[in-house]
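K.L.:
Just need the structure, nothing else, for what follows:
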Amino acid sequence: MVRSGSLLVLVAVATALLCAAPGDALALRTQQRPGWMVGIGWGMGRGVYTTPAGLRQEYSEGGIPLIRVGRMLGSKAMIALNYSGWLMEFDSEGPEGEGGLGAFASDTEDSTIIKSRRSQQQVALSFYWFPGNPQGASGGVYLRAGGGMGWSGTNLVPIVSGEPQGSGDRIDEWGWGLSAEGGYEFWISGGASLGGGVFYNYMSIRDKSVDDGWFAGAALNLNIYF
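P.N.:
The predicted structure is shown next:
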């Protein structure tokens, strides 16, 4: 009986939402985008590295911060500077750890607990395209492509019982990157929007521990227009 009652409630809620959808669509705020935009976002996603030796290192559920500053070019396009990063921290045993992190190890039999942090970051000059009608529901759709500077970071901190935790060893390696994104934003006022998007960032490093890498995921964004 409890399950049947819960099912009826879910059906009733779904029916009410479907009935309300046309009214909500009519009430959707639409407008042209003002001249400047500053936005922040946060999401989750997957990061992948390839070493110069061809070893593939994969990580899931990393955090992804986003920052963007843009200038509209008419009503359909925007030029912007985008920062996007992917980072993940975990504990592992031995110098290889998760994903084969052996860049700092000299003893392959060592079983010291290692606190590992891996990151990929990119600053890209980007072009946004808004294909929809600014005065209609399709005006919230956006597409982005960009390219610029990218870098990879690896920080390993050995943790030994009874000894203070140090800052560990860090390697930063630099290269270039490309990125693509698509999503939708809803106006919540005349100067602010909330939205969601999916993205893919590729980086070419060609250094001693990372050959290339990429991270992809989804994020929620808050954008301020003025």
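
K.L.:
only C-alpha atoms for contact and neighbour calcs from this point on.
P.N.:
OK.

K.L.:
center of this structure, which residue is that?
P.N.:
For the chain, the residue nearest the mean C-alpha position is I64 (3.7 Å; Cα atoms, centre = their mean).

K.L.:
Mind giving me the packing neighbours of the helix or strand harbouring L143?
P.N.:
For L143, the element it lies in under DSSP states H and E is strand 141-159. On a contact count with 3 or more Cα pairs under 8 Å, 6 or more residues apart in numbering; DSSP states H and E, strand 141-159 meets strand 113-129, strand 169-189, strand 192-204.

K.L.:
In the longest one, which residues are buried?
P.N.:
For strand 169-189, the buried set under the neighbour-count rule, 16 or more other Cα atoms under 10 Å, comprises 173-187.

K.L.:
What of the first one?
P.N.:
Buried residues in strand 113-129, defined by neighbour count with 16+ other Cα under 10 Å: 113-129.

K.L.:
returning to what we had before: for G147, state which of the buried residues of strand 169-189 is nearest.
P.N.:
L178 (4.3 Å; Cα to Cα).

K.L.:
Nearest residue to that closest one in space, please, no chain neighbours.
P.N.:
Take L178 and drop its neighbours on the chain: the residue closest to it by Cα to Cα, 6 or more residues apart in numbering is G147, 4.3 Å away.

K.L.:
The one you found and F127 touch, don't they?
P.N.:
No - taking contacts as Cα atoms under 8 Å, G147 lies outside contact range of F127: 9.4 Å.

K.L.:
picking up where we left off before, now flag whichever of the buried residues of strand 169-189 is closest to Q135.
P.N.:
W187 (11.6 Å).

K.L.:
Surely the closest one and R33 touch.
P.N.:
No - taking contacts as Cα under 8 Å, W187 lies outside contact range of R33: 9.7 Å.

K.L.:
Heading C-terminal from the helix or strand bottoming out on mean pLDDT in the chain, find the next helix or strand.
P.N.:
Here the helix or strand of the chain ranked lowest by mean pLDDT, DSSP states H and E is helix 2-27, holding a mean of 46. Toward the C-terminal end, the helix or strand that comes next after helix 2-27 (DSSP H and E) is strand 36-50.

K.L.:
one step back: who wins for proximity to W151 among the helices and strands packed on strand 141-159?
P.N.:
strand 169-189 (4.3 Å).

K.L.:
can you list contacts of the closest one?
P.N.:
Contacts to strand 169-189, defined as Cα atoms under 8 Å, 6 or more residues apart in numbering, come from residues 29-30, 104, 122, 124, 140-157, 193-207, 210.

K.L.:
Make a ChimeraX selection of the buried ones in these.
P.N.:
Restricted to buried positions by 16+ other Cα under 10 Å, the ChimeraX selection for the contacts of strand 169-189 reads:
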select :29,30,122,124,140,141,142,143,144,145,146,147,148,149,150,151,152,153,154,155,156,157,193,194,195,196,197,198,199,200,201,202,203,204,205,206,210
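
K.L.:
now the protein, which segments are flagged as low pLDDT?
P.N.:
For the chain, the stretches with pLDDT under 70 are 1-27, 92-112, 159-168.

K.L.:
repeat that with 80
P.N.:
1-27, 90-115, 157-169 (pLDDT under 80).

K.L.:
S119 versus the residue nearest to the centre of the chain, what's the distance?
P.N.:
Distance, I64 to S119, by Cα to Cα, to the nearest Å: 10 Å.

K.L.:
who touches both of these two?
P.N.:
Contacts common to I64 and S119, judged by Cα under 8 Å, 6+ apart, are G85, W86, L87.
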